[in-house]
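Asker: Have a look at this prediction, sequence included:
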Amino acid sequence: MFKNRKPWLIVTISFISLFVITALALRSDLIILDPKGPIGAIQKDLIMYSIYFMLAILIIVYILFAYIVSKYRDRNNFNAKDYQPDMHGSTKLEIVWTIIPLVIVIALSIPNAKALYALKEPPQSTMNKEPIIIHATAADWKWIFSYPEENIETVNYVNVPENHPILFKVTAADSMASFWVPQIGGQIYGMPGMVNDLYLQADEPGEYNGRNSNFTGAGMTHQQFRFVALEEVEYNNWVKETQDHAPKLDEGTYEKLMLPETVDEKTFSSTHLAFVDHGTDSAYAMKIREKYGVEIKGIKVRRGE
Amino acid sequence: MLHANNKSLNTPLEYRSENGRLNIFGFWIFLGAEVSLFATLFAAYFALKSGTVGGPLPNEVFDLTNTIIMTLLLLTSSFTSGLAINEMRRNSVKSMIFWLVITLLFGLAFLYMEISEFVLLVHEGASLGTNAHWSSFYLLTGTHGVHVSIGIGWIVLIIDQVRKRGLTPETAKKVFVSSLYWHFLDFVWIFVFTGVYLLGMVG
Amino acid sequence: MFDFIKENLILDEPLIVGANVSILLTLIGLIFALTYYKKWKWLWTEWITTVDHKKIGIMYIIAALLMLFRGGVDALLMRAQLTVPNNEFLSSQHYNEIFTTHGTIMILFMAMPFLLGLMNVVVPLQLGARDVAYPYLNNLSFWSFFFGAILFNISFVFGGSPDAGWTNYAPLAIEGSPGPGINYYLLGLQISGIGTLLTGINFIVTIIKMRAPGMTLLRMPMFSWTTLITSFIIVFAFPILTVSLALMTFDRLFGTHFFTLTGGGNVMLWSNFFWLWGHPEVYIVILPAFGIFSEVIATFARKTLFGFKSMILSLVVISFLSFLVWVHHFFTMGGSAAVNNVFSITTMAIAIPTGIKIFNWLGTLYKGRIQFTTAMMWALAFIPTFIIGGVTGVMLGMAAADFQYHNNYFLVAHFHYTLIAGVVFACFAGFIYWYPKMFGHKMNERLGKLALWFFTIGFNVCFLPQFLLGFAGMPRRVYTYVPEDGWTALNVVSTIGAIGMGIGFLILVYNVNYSWRHAKRETTGDAWNGRTLEWATTTAVPPHYNFAVIPEVSEIDAFWHIKQQKKEMKEESISYEPIHMPSNASTPFLMSVLFFVAGFGLVFALWWMAVLGGIGILACMVVRSTSSYRDKGYYVSVDEIRELEQSNQGEA
């Protein structure tokens, strides 16, 4: 009884689902495709460029597939002339569909290579400005930002001037984390004992979500920070204010930051760079945890919560 | 397995049964996996070579003469193992067992020297948990050492089987396969010797 | 001892206690049923100690389906948690354990054994062989896989599950994860890995040495080809995993410094090693899946496979490239532009041989006479769905763009599109296709198609939104989010799709039961008008010796041609010869139990137990070496063969 209706039912359901998903997509903020800085823009352009190729491939394959499957489906009035059971290949065709993907891969590789090199440099648009250096250190489960020039340290938020290149020196005190502000630009790992460079720049003032995207355990979900782009003047005011009024960061306070927990935003008028360099000393956080009696290794104790 | 005896008498004994042919071929594949295993251990060693914090450097504690003797022992044992196979082909059980026993003695001597070397190293402050360098050193050489120990135990079992059953396609296959294994361990040791000890002395 | 159990038995999580109780009840029920029906001996002689590749294959598949259920429940729990923002259904820790076990189980204890099971059932038959090269080892392979899986699975009721992701990255898995969970991961994978490696060796030797007379490599069916290539990948990739797991086990148990933060360890080394194995592992599961699709598509398009040689060539190229792309799993680790560029190119290059395969399948369908059986529909669902996984893979392969995709839901959607649309669809297609070969009847087509539509539509509804969630910046492995993130609507849709997949799976399982009761029994060995030798057996379920007379092969699609010729020739009288078969083996089972004991000892640092287990394992090896002479096997007499062949036909 379903014989004729069923395929249509299925097609209809599929299309309705697809429609709903598309509608929802249009309502969601696809922030990666709406970048607010030159780094994100490079990546967005590359993504869109590849999407066009991929859509073309999908459409071609889908049309071929639909045509073949419907034409050669076994049915009552199947045209026996269409059936060639011994056709086993065609060198010409096989060469064609080797070369086409090869060409596509080349077409994708070239802009990808260009972008890779471009991302290692400060953004073109602000070549004349000297990048501000900020150290970003991940520690379970927080982000610590140090401004060596300004001698400021913040936790879980980072203030930057708009339209000014920032060079983030990303590292980690313990777990491997990934420093990511999706709307500003792609991510880089922060790893204990190593420093990775990442240029970012915000084109307009605003507050953007930043986070660790790499799994680091129980608090990973909350290992987020605010990436705040301020107007140049505002930024300078903030720097001055912080230098004058924020407390100094002493070693005891910093040691507490090494314990695996989430913390609120904090501001200091000195940096931890004075007493530890996580870029070379990967054991620091472990020593602190030992000192505070936090179990780091062991086999008998069950999850602590 | 129906075709168990379809090969002429010129075929070496170990290849005469279907079972023998399959097992020897399979063992070659297994050695392929072993190559991959040791390659990974070597990769770990070279990646962690510079992790020498808090421990002695290799060139401070290595005794190259010792290692050269070990290398010679193992190389010779590989040679005597080859002689044993040669005797097996000539179907002379007694001298085959003789050479196998010699091989084992060389293997045991190697093992003895390796263990005493480890003891010495631990005394000089280079133990398994000292640092990344020594961890990877012990895992690499230790894995090789464990392989040698297993090989010795295995060959002892095989000698016993040959004594009881004589040379049959089945026992011959076992002797042959174990000698392949033994040569392989020798081959790996050459890399350990050059990669770990010689380069360790230099760097 | 009592304290030890009390400390580790998890009684404070209602979900887990529920699982505890249901597992206990199922076990009691099983034991009761086996005793009541006096089936213990049957279980021992017919299954546990069997060396018959078909039975071992069936055991693999049953284990895989159980694991699919477990992994699927994990998946539904995760979807339930993520449906609405700020959900408190699961705690962070619990969620972390669930996604870890979901990933590990689905790849290592579901996809691999499912495919290994199908290989076991089918490959010797396709080759016209009586068994695999090493039947004894084959039994050991299965049981060490099984006990490895058991060891991994008991973690969630006893001691706590691993919680560092299936990638188990250091240093989180070493310094950041106290408790036995990670040890379970390390030992469970180690033990089942032994089985996998042995299977790899076994199939290489079987395929190279035991093909029927006349079956040159170029006349060998595609599924056997993919099995061969896969086995080579296994042999070279699995030792890398073995070593990596061993090194981390030493880090956790014996204070070494391989992947630690202290003592000069290198945390990146684990990532490199893991993916040096992990990427080939992806192809270990996808290549046999390609093989299954090739068989199914050729059979039901009623055509020989298009571009056979280019199919093989692309297999070889893919397997080679699979070892050269591991860095693309961490483009964001700070490699130089040049390094990332090289690995981008090798990654995208994999699309070329894969594209060739897709077009060859289309070529096979072209000018065919396509029959829409359930198995075929799974294969047809694969092409348009998998290709989405393929093209997004190319997008991910572009390193500069990957800085944005990395670790977010775009990636999650991508690999589910390849692993579910590729591997799971193939497992289902193969399961349904070879079902009559295993059980003597087909699965119900109507229910099968219902399951298919629920599963495939559910799948797309579940994972298509996740691409968009990726663009909306949702990272993977977060256990919750806030309404302001704007991810709610898409997550709701995704969960609805997951439920659809769950229903599809349940219908499939119900279909097993339904078909067992109602399906018409097959009367010949050729349920689908097949093309390859597994359909050439005289009976639906082949007897333990497979072929009374080994078939001669003169062309590709051997059985198809035998059938064509038979039409012309008269049936000749068959003369049987005694068949030599291997005897059952109980040592492998015992040895695997000992592996489990030793593994469990190491998980909890109960050294005496580990040492005893280790000694037991060595003892088993000694026993095998000294008693191998007794394992002469036995001969199936001509009378018995005649009787079996005729009785089965008579039954038909």
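Answerer: Ah, there it is. What you are looking at is a predicted structure, and each value in this text was computed from that prediction instead of being measured.
Asker: what about stretch C:246-254, near chain A?
Answerer: Yes - contact of stretch C:246-254 with chain A (CB under 8 Å from any CB of the partner chain) involves C:252-253. In short, each C-beta sits where N, CA and C put it, glycine included.
Asker: Mind listing what's buried along that stretch?
Answerer: Within stretch C:246-254, the residues that count as buried by 16 or more other CB atoms under 10 Å in any protein chain shown are C:246-253.
Asker: The closest residue to residue B:198 other than its chain neighbours: neighbouring residues, count only.
Answerer: Leaving aside its chain neighbours, residue B:198 sits nearest to residue B:64 (8.0 Å; criterion: CB to CB, 6 or more residues apart in numbering or on different chains). By other CB atoms under 10 Å in any protein chain shown, 13 other residues sit near residue B:64.
Asker: Residue B:64 contacts residue B:200, correct?
Answerer: No - in this structure residue B:64 lies outside contact range of residue B:200 using CB atoms under 8 Å: 9.2 Å.
Asker: hang on, residue B:191 packs against residue B:42?
Answerer: Yes - between residue B:191 and residue B:42 a contact is recorded at 6.7 Å, counting by CB under 8 Å.
Asker: Count residues in the vicinity of residue 182, would you?
Answerer: Looking at chain A here, since you left the chain open. Other residues within reach of residue A:182 by the criterion other CB under 10 Å amount to 28.
Asker: hm, I was asking about chain B
Answerer: Neighbours of residue B:182 under the rule other CB under 10 Å: 28.
Asker: correct me, but it touches residue B:152?
Answerer: No - applying CB under 8 Å, one finds residue B:182 not in contact with residue B:152, separated by 9.4 Å.
Asker: contacting residues for residue C:471?
Answerer: A:30-33, C:410 (CB atoms under 8 Å, 6 or more residues apart in numbering or on different chains).
Asker: Could you list which of the residues you listed belong to helices?
Answerer: residue C:410 (DSSP state H).
Asker: Out of the contacts of residue C:471, which is nearest to residue C:404?
Answerer: Checking the contacts of residue C:471 against residue C:404 with CB to CB, the nearest one is residue A:32 at 5.2 Å.
Asker: is it true that that closest one touches residue C:406?
Answerer: No - using CB under 8 Å, residue A:32 makes no contact with residue C:406, being 11.4 Å away.
Asker: What is the subsequent helix or strand relative to the helix or strand hosting residue A:237?
Answerer: Per DSSP states H and E: residue A:237 is located in helix A:232-245. Remark: after helix A:232-245, the chain's next helix or strand is helix A:251-257, criterion DSSP H and E.
Asker: now check that following helix, is it near chain C?
Answerer: No - against chain C, helix A:251-257 shows no contacts by CB under 8 Å from any CB, the least distance being 16.0 Å.
Asker: Now do the contacts for residue C:537.
Answerer: By CB under 8 Å, 6+ apart, the neighbours of residue C:537 are C:125, C:437, C:525, C:543, C:546-547.
Asker: Can you report phi and psi for it?
Answerer: With angles defined as degrees, to the nearest 10, residue C:537 sits at phi -70, psi 150.
Asker: what's next to the helix or strand of chain B with the lowest mean pLDDT, contact-wise?
Answerer: Sorting the helices and strands of chain B by mean pLDDT, DSSP states H and E puts helix B:199-202 at the bottom, at a mean of 87. Here helix B:199-202 makes contact (CB under 8 Å, 6+ apart) with B:58-59, B:62, B:64.
Asker: Any buried residues in that helix, and which?
Answerer: residue B:200.
Asker: Now do that helix: distance to the chain's middle.
Answerer: 23 Å (CA atoms, centre = their mean, to the nearest Å).
Asker: picking that back up, what about residue B:191 and residue B:42, which has more around it?
Answerer: When neighbours are counted by other CB under 10 Å, residue B:191 and residue B:42 differ, and residue B:42 comes out ahead with 18 against 14.
Asker: contacting residues for that one?
Answerer: Taking CB under 8 Å, 6+ apart as the test, what residue B:42 contacts is B:140, B:191, B:195.
Asker: The first one in helix, strand or coil?
Answerer: Using DSSP: H, G, I helix; E, B strand; the rest coil, the structure places residue B:140 in helix.
Asker: And the strands in the stretch 501-650 of chain C?
Answerer: C:579-581, C:634-636 (DSSP state E, counting those that start in this stretch).
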